[in-house]
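1. Build me a model from this:
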Amino acid sequence: MDNEDQSSQGEGSTKHQDKDKKADTHPDEDMMLDLSGDSDSLGGAMRDGHTPSPVPIYVAGSPRRINMSPSASGGFMIAPSPPYYSSSPRNFSISPPPAFGLSPPRPVSVEQLMAAAHNVGNMNLAHQIVVDKDFKLPVSPAKKKGIEGQVKEVVEKAFWDHFRELTTQDPPDYSYAMQLLGEMKTNLSDILMPHHTRLKEQINEVLDLELIQQQVDNDTLNIREYSQFVIDTMAKLCAPARDQQISSLKEITDVVDLFREIFQVLDLMKIDMANFHIATIRPQLEQQAIEYERQKFRTFLETQEDGLYHTKQWLMRAKQKVETQLVSAPTSTHLPTQLNIVNHGYIDILHWNQDTLLPETLLMDQERLGELGLKFKKLALIASVLLVTFNTVGDLISGLSQLVDDIKNKGLVLLDSLVKNTYSDIDLATLSEFIIQNVNQSLNDRKFPSLTESQTAVVRGQIEGLTTIDNPVLKVISSRIDDFLRYCLTLTTISSQLKVPSGLVTIQKDLLSNVKQFISLVKYNNNVFGPFYAEILDDITASSQQD
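-> Numbering: from 1, shown residues only. So this is what the prediction gives:
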């Protein structure tokens, strides 16, 4: 039994070898994901000159194929929202700057702009794959809303209704069926791996379009026979998650419904294959991603008048803060070294003003950084809540770890309303009532009386007073988290046993988990864009010395 019969494609990539019917779709060393369409993409990740075919997707319920690339140059390319424009994240309000500068950009050709957009898109895709270990294409893309969704739905319905009219004529008109079988042939060929030579020959032999056309002309087309062959071939190539859907296809008797469902399953199989390629390329991409992103970003900057304008402003503000803090609190983390300045800048991103544009070098991570900023704010608020509660109630509830965990976990859920960079819009009344109930329950379980009215009023007032960043307790806790983050940025590794500052012990586990994510993101960003930061800071220093 050859390779095609021995191995199989699993979920998103390969199937278990005990399924003899599955074609071999194990990862091939030369089957890499071409992110740029260039022969030298990823510093030569595409070896031996092999470039996979473009990975197309399908409009659900329609046979029309769309390449996952902004151009016809080939190569696998997702078309996400351009990373330098707003995708309306929960925490930031980013608007597209005019060529990232305040001065008008120099004239560039359309070809240059297209190349820049292509490079930015490729860089963004590579970045998402490397930074997000769980990154994959969604198998159930959200349906379009509004007019676009309505138009799409109308067009698809009209297409299949017309196909039904043709097939129900007497005699049936299978001219459309012939075209759709051709689309199915192309789709199946796209899913094949390079070593599927025998299966490819079988597809070309059975789905012979010239022969099918002759059968259509002579009214001898057996559409059921061809449909069954397509379904059987899909069964050999699909991931385990698609087995049930493939089986369901065999039960459909209506030709139009069958064709529609075949294309929908093929759509899913294409996504499975794309995710398989992403998983395949990730190890190689991780090895070369830093230099790849840096090179693509340099290429992008060549089309801009001042593509680092906001990055310069960000570092300038960070430098001023470090110098100010050095005067008031001279410590090693406040010395105006380039590393400390950049680290202070990273902390500032967690408190970013919605009205200020993010640095260009961090826009690809704006959503991740925004989410982390919100998590740190929630943890600061919960730590403050626990601090004022336990200080107010006193020894009666001190040392009760279960009560701390209950308040913390439930409190984080109740703080989902924290979606902005300020605390003023948060209603802590619900949280304060929950905490008072839990404290009273804990006291009663241990045969102590509930809180008095005066104690309850104090607890409620202390908690509800935390809605402003100027609250002294919240201000101290937030400052300690920032200082702890700055300290962690100087460490090589973050241990789960790392000692946290006073007041943060109650949130230690959650804090360290988020700190690790933040440090990982920051260090990767610094590895990619560090040379840009160093050059900018050198220029700032030289300029200040001249002044």
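
2. Now do the contacts for residue 245.
-> Contacts for residue 245 (C-beta atoms under 8 Å, 6 or more residues apart in numbering) come out as 238, 265, 268. From N, CA and C alone the C-beta is placed, and that goes for glycine too.

3. Now the second one: closest residue in space, sequence neighbours ignored.
-> Just to be clear, that refers to residue 265. residue 245 (5.2 Å; C-beta to C-beta, 6 or more residues apart in numbering).

4. re the thing from before, pick the one among the contacts of residue 245 closest to residue 127.
-> Comparing the contacts of residue 245 against residue 127 with C-beta to C-beta places residue 268 closest, at 25.8 Å.

5. Could you pull out the strands in the chain for me?
-> Assigned by DSSP state E, the chain shows strands spanning 56-58, 65-67.

6. What about the contacts of residue 245, which are in helices?
-> Those of those mapping onto helices are 265, 268, per DSSP state H.

7. Run a quick neighbour tally on residue 131.
-> 17 (other C-beta atoms under 10 Å).

8. isn't it right next to residue 524, touching?
-> Yes. Look at residue 131 against residue 524 with C-beta atoms under 8 Å: they come within range, at 6.4 Å.

9. what's the burial count for the closest residue to residue 246 other than its chain neighbours?
-> Spatially, and ignoring its direct neighbours in sequence, residue 246 is nearest to residue 235 (4.8 Å; C-beta to C-beta, 6+ apart). A count of nearby residues for residue 235, using other C-beta under 10 Å, gives 18.

10. Quick check: residue 235 vs residue 228, distance?
-> Taking C-beta to C-beta, to the nearest Å as the measure, residue 235 falls 10 Å from residue 228.

11. Give me the common contacts of those two.
-> With C-beta under 8 Å, 6+ apart, residue 235 and residue 228 have no common neighbours.

12. Residue 372 contacts residue 518, correct?
-> Yes. Between residue 372 and residue 518 there is a contact at 5.2 Å, judged by C-beta under 8 Å.

13. between those two, which one's more packed in?
-> Legend: neighbour count by other C-beta under 10 Å for residue 372 and residue 518, higher for residue 518 (24 against 21).

14. from memory that one sits against residue 486, does it?
-> No. Assessed by C-beta under 8 Å, residue 518 is found out of contact with residue 486, at 11.2 Å.

15. so how far is residue 414 from residue 307?
-> Residue 307 is 42 Å from residue 414, by C-beta to C-beta.

16. Who has more neighbours out of these two?
-> Higher neighbour count among residue 307 and residue 414: residue 307, with 23 against 18, using other C-beta under 10 Å.

17. Find the nearest non-adjacent residue to the more buried one, please.
-> Closest to residue 307 by C-beta to C-beta, 6+ apart is residue 301, at 4.2 Å.

18. Residue 516 too?
-> In space, residue 516 is closest to residue 494, 5.1 Å off (C-beta to C-beta, 6+ apart).

19. what phi and what psi does the backbone show at the one you found?
-> Backbone torsions of residue 494, given as degrees, to the nearest 10, read phi -110, psi 110.

20. looking at it, it is touching residue 488, isn't it?
-> Yes. Using C-beta under 8 Å, residue 494 is in contact with residue 488, at 5.9 Å.

21. just to revisit the earlier point, for the contacts of residue 245, which single residue is the most surrounded?
-> Neighbour max across the contacts of residue 245 (other C-beta under 10 Å) = residue 238, 26 neighbours.

22. wait, doesn't that residue sit right on residue 246?
-> Yes. In this structure, residue 238 is within contact of residue 246 by C-beta under 8 Å, at 5.7 Å.

23. shared neighbours of those two, anything?
-> Common contact partners of residue 238 and residue 246 (C-beta under 8 Å, 6+ apart): residue 265.

24. picking that back up, was I right about the residue nearest to residue 307 contacting residue 295?
-> No. The pair residue 301 / residue 295 is not scored as a contact, 10.8 Å apart, by C-beta under 8 Å.

25. low-confidence ranges in this protein?
-> Flagging of the chain using pLDDT under 70 yields the residue ranges 1-123, 140-145, 328-335, 396, 417-427, 547.

26. Could you find the closest non-adjacent residue to residue 368?
-> Per C-beta to C-beta, 6+ apart, closest to residue 368 is residue 521, 6.1 Å.

27. Enumerate every residue touching that neighbour.
-> Applying C-beta under 8 Å, 6+ apart, we find residue 521 in contact with 131, 365, 368, 369, 372.

28. Try it again at 7 Å.
-> 131, 365, 368, 369 (C-beta atoms under 7 Å, 6 or more residues apart in numbering).

29. any idea how far it lies from residue 494?
-> 13 Å.

30. same check, this time on residue 536
-> For residue 536 relative to residue 494 (C-beta to C-beta), the value is 28 Å.

31. between the two, who's got more neighbours?
-> Using other C-beta under 10 Å as the criterion, residue 536 and residue 494 rank with residue 536 on top: 22 against 15.

32. Give me the buried entries from the contacts of residue 521.
-> Buried members of these, counted by 16 or more other C-beta atoms under 10 Å: 131, 365, 368, 369.

33. out of these, which are inside helices?
-> Reading helices off those with DSSP H, I get 131, 368, 369.

34. Dump the residues you listed into CSV; add distance to residue 212 as well.
-> Listed next are these as CSV, based on distance: C-beta to C-beta, whole Å:
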residue, distance to residue 212
131, 47
368, 50
369, 54
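
35. Just name the closest of those to residue 377, please.
-> Closest approach to residue 377 among these (C-beta to C-beta): residue 369, at 12.5 Å.

36. distance of the spatially closest residue to that closest one that is not a sequence neighbour from residue 523?
-> Leaving aside its chain neighbours, residue 369 sits nearest to residue 349 (5.3 Å; criterion: C-beta to C-beta, 6+ apart). When distance is defined by C-beta to C-beta, residue 349 is 14 Å away from residue 523.

37. Between these two, point out the one with more neighbours.
-> Taking neighbours as other C-beta under 10 Å, residue 349 and residue 523 compare with residue 349 leading, 23 against 13.

38. The more buried one contacts residue 362, correct?
-> Yes. Look at residue 349 against residue 362 with C-beta atoms under 7 Å: they come within range, at 6.3 Å.
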